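**Q** When you get a sec, could you give me coordinates for this:
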Amino acid sequence: MLSKKSVGKFSTAVALSMASFIAQAQTPNVLAGYDVKFSPRIDLSTVNTDNALKTKSKVNDNVADLLVSGNLNLSKKGQTIDSDFGFKSTQHLELEAEEIDDFYGGVSLLQNFSESFQVKAGVRYDDSTITRDAIIEGDADGRTDITTLTQSVVGNYKTGKQQYTLSLKRDDLDTLDTEKLDTVVNRDDEDRLETDLTLKWNYMLSEIFQPSFTLTYSEIDYDQRKDDFGLERSSDVIELLVGGSLKLGSRVRVSGEAGHYFRDYEGVGFENIGATIGNGSIGAQVNEKLAVYGSFSRSFAELNIDASPGLFVDVYSLGFNHNATEKLTFDGNVRQVNTEMDLLGIKIRDYVTTVGTSYTFSARYSAGLHYSYSRRTSNTSAFIQAFNENAFTLKLSAAL
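**A** Prediction:
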């Protein structure tokens, strides 16, 4: 059931939605020269699954997600102020083994100084609380509260056929963990400040081809520079990606980037990491109603586990979207995720197939029903357990 803290967040989200909705109804759509638009929304999803906890033994369960959210937009010539907030609670109806409550809120300002120059600045707060009982034998009960404060500034400048984007983002991550897990997993070194500075360049060579490059420098500083094992975690990261987009005829577009990832660890905790990363996608509009797509990406993700600084993730995806009528749509997706922790010799394979349909009753109300089959394999059962899962998801949405 919802905890007192969760009920408080849920009540706050509902109160903000109702107050903003009433205020908008009683005031003109123009405020101090701004056009005002408020959009509250409620999404309810129920999932029936035969493996809710992702273990070898199948566990039948019904999982419910309730999301209450709102968006407040103020706009006038040359300027837009956009804010959003929401609360989402995930509940296990059959097995009260886990509860996840997420609260978020953010505001951004977009200022157009001219047709060629604009700046967007924003701040966002996320609070995720995970409360769970023991999932596997030897596991610990407890609660994890993760908060993230994100601040960002993005500038765009166009000159002729060229476009430059310079962005600065800071993520302040704070983790409060009330449980003591096995010593293999580190919890005391997760509080950190990540700073990303990114420069991107695009060139409109022609309507068919547009080359680009992206250079990112990141600095990661932990509150506690040494973890449980006395290893340094702070590091500097450089990513350089070169790519572009290619238009093939009037229906097919190909885009992608490839480059180098380099991470320099301070101290002797881990060796430096260098690898080729990138992403690519292809989309085709077969006809007015059918679109198909495919994508691939390779990236490095940080992971605080003894003897391994992180893992490489390869994602392959194929899918389609079919608009049968103005209100009825069908979609499907096949995805494979390959995860490797080189220093630990662990390889994980996830296969997910999803098909479903959505129906829009009106501009405010919609419903969707999807089925997914998931399968995981691993070359070790010490840390990662294999599983198969069938899940049916029913989603109801109401834009108030």
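**Q** so where's the longest strand in this protein?
**A** Longest strand in the chain, counting residues (DSSP state E): strand 142-159.
**Q** just checking, what packs against the helix or strand following that strand?
**A** Next in sequence after strand 142-159, counting helices and strands by DSSP states H and E, comes strand 162-177. The elements that strand 162-177 packs onto, with contact taken as 3 or more C-beta pairs under 8 Å, 6 or more residues apart in numbering; DSSP states H and E, are strand 142-159, strand 192-203. All C-beta spots, glycine's among them, are computed from the backbone N, C-alpha and C.
**Q** Comparing these by mean pLDDT, which bottoms out?
**A** Comparing mean pLDDT over the helices and strands packed on strand 162-177, the weakest stretch is strand 142-159, at a mean of 89.
**Q** Would you list the strands that that strand pairs with, along with their directions?
**A** Take DSSP bridges as the rule and strand 142-159 pairs in its sheet with strand 117-132 (antiparallel), strand 162-177 (antiparallel).
**Q** what is the rounded mean pLDDT of the last one?
**A** What it means is strand 162-177. Averaging pLDDT along strand 162-177 gives 90.
**Q** got the angle between it and strand 192-203?
**A** Interaxial angle, strand 162-177 versus strand 192-203 (axes from the mean of the first three to the mean of the last three C-alpha atoms, to 10 degrees): 160 degrees.
**Q** pLDDT value on the residue nearest to the spatial centre of the chain, please?
**A** With distances taken as C-alpha atoms, centre = their mean, the residue of the chain nearest its centroid is residue 126 (12.0 Å). Per-residue confidence (pLDDT) for residue 126: 95.
**Q** pretty sure it is touching residue 172, no?
**A** No. Applying C-beta atoms under 8 Å, one finds residue 126 not in contact with residue 172, separated by 10.7 Å.
**Q** what's the distance between residue 399 and residue 70?
**A** Distance, residue 399 to residue 70, by C-beta to C-beta, to the nearest Å: 10 Å.
**Q** what's the answer for residue 323, then?
**A** Residue 323 is 28 Å from residue 70, by C-beta to C-beta.
**Q** Likewise for residue 63?
**A** 24 Å.
**Q** Overlap in contacts, residue 126 and residue 172.
**A** Common neighbours of residue 126 and residue 172, using C-beta atoms under 8 Å, 6 or more residues apart in numbering, are 148, 150.
**Q** re the thing from before, distance to residue 348 added to the strands paired with strand 142-159, as TSV?
**A** Output for the strands paired with strand 142-159, formatted as TSV (distance: least, C-beta to C-beta, whole Å):
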stretch	distance to residue 348
strand 117-132	21
strand 162-177	23
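**Q** Which one of these lies nearest to residue 335?
**A** Among the strands paired with strand 142-159, strand 117-132 comes nearest to residue 335, with 23.5 Å by C-beta to C-beta.
**Q** got the contact list for the closest one?
**A** With C-beta under 8 Å, 6+ apart as the criterion, strand 117-132 contacts 3, 5-6, 9, 97-113, 141-158.
**Q** Could you count how many residues lie near residue 346?
**A** Burial measure for residue 346: 18 neighbouring residues, criterion other C-beta atoms under 10 Å.
**Q** surely it meets residue 384?
**A** Yes. With contact defined as C-beta under 8 Å, residue 346 and residue 384 form a contacting pair (6.7 Å).
**Q** Same drill for residue 323 and residue 70, tell me which one is more crowded.
**A** Taking neighbours as other C-beta under 10 Å, residue 323 and residue 70 compare with residue 70 leading, 23 against 15.
**Q** Check the secondary structure at the more buried one for me.
**A** Secondary structure, DSSP: H, G, I helix; E, B strand; the rest coil: residue 70 is strand.
**Q** Tell me if I'm right that it and residue 41 touch.
**A** Yes. With contacts counted by C-beta under 8 Å, residue 70 reaches residue 41, the gap being 6.8 Å.
**Q** on that earlier part again, list residues touching both of residue 399 and residue 70?
**A** Counting by C-beta under 8 Å, 6+ apart, the shared contacts of residue 399 and residue 70 are 39-41.
**Q** what number of residues lie near residue 287?
**A** Neighbour number of residue 287 under other C-beta under 10 Å is 9.
**Q** From residue 250, how far out is it?
**A** 12 Å.
**Q** shared neighbours of residue 346 and residue 384, anything?
**A** Residues touching both residue 346 and residue 384 (C-beta under 8 Å, 6+ apart): residue 378.
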